[in-house]
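**Q** Predicted structure and sequence below. I'll ask about it afterward.
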Amino acid sequence: MGYGVGVLVNDMERNGHWLFRYRNHLPLLLVPLMAIALRQSEGIERRFGGVAEGVWEALCIAITLAGFGIRCLVVGYSFPGASGRNSRAQQAVSLNTRGMYSIVRHPLYLGNFLMMVGAISLIEVWWLTLVAVLAFLLYYERIIVAEEAFLANRFGSRYQEWASVTPAFIPAITRWQTPRVPFSVKRVLVRESPTFAQIVVVITLIDFACDLAIWGRIEHGGVLLAIAAGLSLLLYVVVRAIRKNTRWLSTGA
């Protein structure tokens, strides 16, 4: 039995290293299901009125922004070489155990989860949200196994001590430890302006699709969302241009 479990964990770790490289592409796998779900969405407004619709949309957007806020806290308090901000392969010069990492081991994944759930719930089809949650857990479970195996091998007892008292995914708020480095707005602008633009654009596209599927037209709120999407894209372009042509947004990370 122990040998079988070990083989299973090794398989999950191997799959996790592969999935790690493509973790940001998970939402694309849900697009076909979203298209099907749009045909079944009757709209809360049609069934319960405009107030209920407004409350639901505000709740979904609040969940999405909460996820983005978590990402901003992680990035703003990060420092060069810390674990948890890698792109194509696991790497870490130092182990980050303060700030968001003092209350949860995988805060960036938690932030991604909340952003996905909030955005996809705007379609108002329960089974789509359920499938998205299950897909996320299946996908990221393997990534987390691979990441934690890497960190355990890299940092040994120090990692084990931190991991033994820090939850993997559900934050223990009371364990918060203030980071040793100051919060960097510049770092957040550089790293998270693309994320913010993606959030606003995705919410806008989902709102447009829902309006067309339910009412056959774009509702008035869609205009405001389109303006917000344009401004978020402009922010991204401006930040990118400043970073490329000046040193004003240099963060050293």
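**A** Noted; the coordinates are in hand. Quantities reported herein were computed from a predicted structural model and do not represent experimental measurements.

**Q** what's the residue nearest the centre of the chain sitting at in phi/psi?
**A** Residue closest to the mean C-alpha point of the chain, counted by CA atoms, centre = their mean, is residue 112 at 1.3 Å. With angles defined as degrees, to the nearest 10, residue 112 sits at phi -60, psi -40.

**Q** So it sits against residue 66, correct?
**A** No: at 11.8 Å, residue 112 does not count as touching residue 66 under the criterion of CB atoms under 8 Å. In this view, the C-beta of every residue, glycine as well, is placed from N, C-alpha and C.

**Q** What ranges does the stretch 51-200 of the chain have for its helices?
**A** Using DSSP state H, counting those that start in this stretch, the helices assigned to the stretch 51-200 of the chain run over residues 107-120, 126-155, 157-165, 185-214.

**Q** Pick the most buried one from the ones you listed.
**A** Comparing those by mean neighbour count (mean count of other CB atoms under 10 Å), helix 107-120 ranks first with a mean of 22.

**Q** Let's test this: mean pLDDT of it, rounded?
**A** Helix 107-120 shows an average pLDDT of 95 in the prediction.

**Q** repeat for stretch 138-153
**A** Mean pLDDT, stretch 138-153: 85.

**Q** ditto for stretch 56-73
**A** Here the average pLDDT along stretch 56-73 is 96.

**Q** Residues touching it, excluding its own?
**A** The contact list for stretch 56-73 (CB atoms under 8 Å, 6 or more residues apart in numbering) reads 44, 99-100, 107-108, 110-119, 121-122, 124, 188, 192, 195-196, 199, 203.

**Q** Off-centre distance for it?
**A** 10 Å (CA atoms, centre = their mean, to the nearest Å).

**Q** what's the answer for stretch 221-231, then?
**A** 22 Å.

**Q** Next: stretch 39-55.
**A** Chain-centre distance of stretch 39-55: 26 Å, with CA atoms, centre = their mean.

**Q** would you put the C-alpha positions of that stretch in CSV?
**A** The C-alpha trace of stretch 39-55 is given here as CSV (Å, rounded to 0.1, in the frame of the first residue of the first chain):
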residue,chain,number,x,y,z
ARG,A,39,-27.7,29.1,-23.6
GLN,A,40,-29.1,28.0,-20.2
SER,A,41,-28.7,31.3,-18.4
GLU,A,42,-32.1,32.8,-17.8
GLY,A,43,-30.7,35.8,-15.9
ILE,A,44,-31.5,36.6,-12.2
GLU,A,45,-32.9,39.9,-13.4
ARG,A,46,-35.6,38.2,-15.5
ARG,A,47,-36.6,35.9,-12.6
PHE,A,48,-36.1,38.0,-9.5
GLY,A,49,-35.8,41.6,-10.7
GLY,A,50,-33.1,44.2,-11.2
VAL,A,51,-32.2,44.6,-7.6
ALA,A,52,-31.3,40.9,-7.2
GLU,A,53,-29.3,41.0,-10.4
GLY,A,54,-27.4,44.0,-9.2
VAL,A,55,-26.6,42.4,-5.8
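
**Q** End to end on stretch 98-107, go ahead and measure it.
**A** 11 Å (CA to CA, to the nearest Å).

**Q** Point out where the chain drops to low pLDDT.
**A** For the chain, the stretches flagged by pLDDT under 70 are 1-24, 80-93, 251-253.

**Q** The same query, at a cut-off of 80, please.
**A** For the chain, the stretches flagged by pLDDT under 80 are 1-27, 42-43, 45-50, 79-94, 219-222, 249-253.

**Q** Would you mind measuring from residue 162 to residue 155?
**A** Relative to residue 155, residue 162 is positioned 8 Å away (CB to CB, to the nearest Å).

**Q** Common neighbours of the two, please.
**A** Shared contacts of residue 162 and residue 155, defined by CB under 8 Å, 6+ apart, comprise residue 95.

**Q** Can you tell me the number of residues neighbouring the closest residue to residue 127 other than its chain neighbours?
**A** Closest residue in space to residue 127, ignoring its immediate chain neighbours: residue 37 at 7.5 Å, by CB to CB, 6 or more residues apart in numbering. Per other CB atoms under 10 Å, the neighbour tally for residue 37 reads 23.
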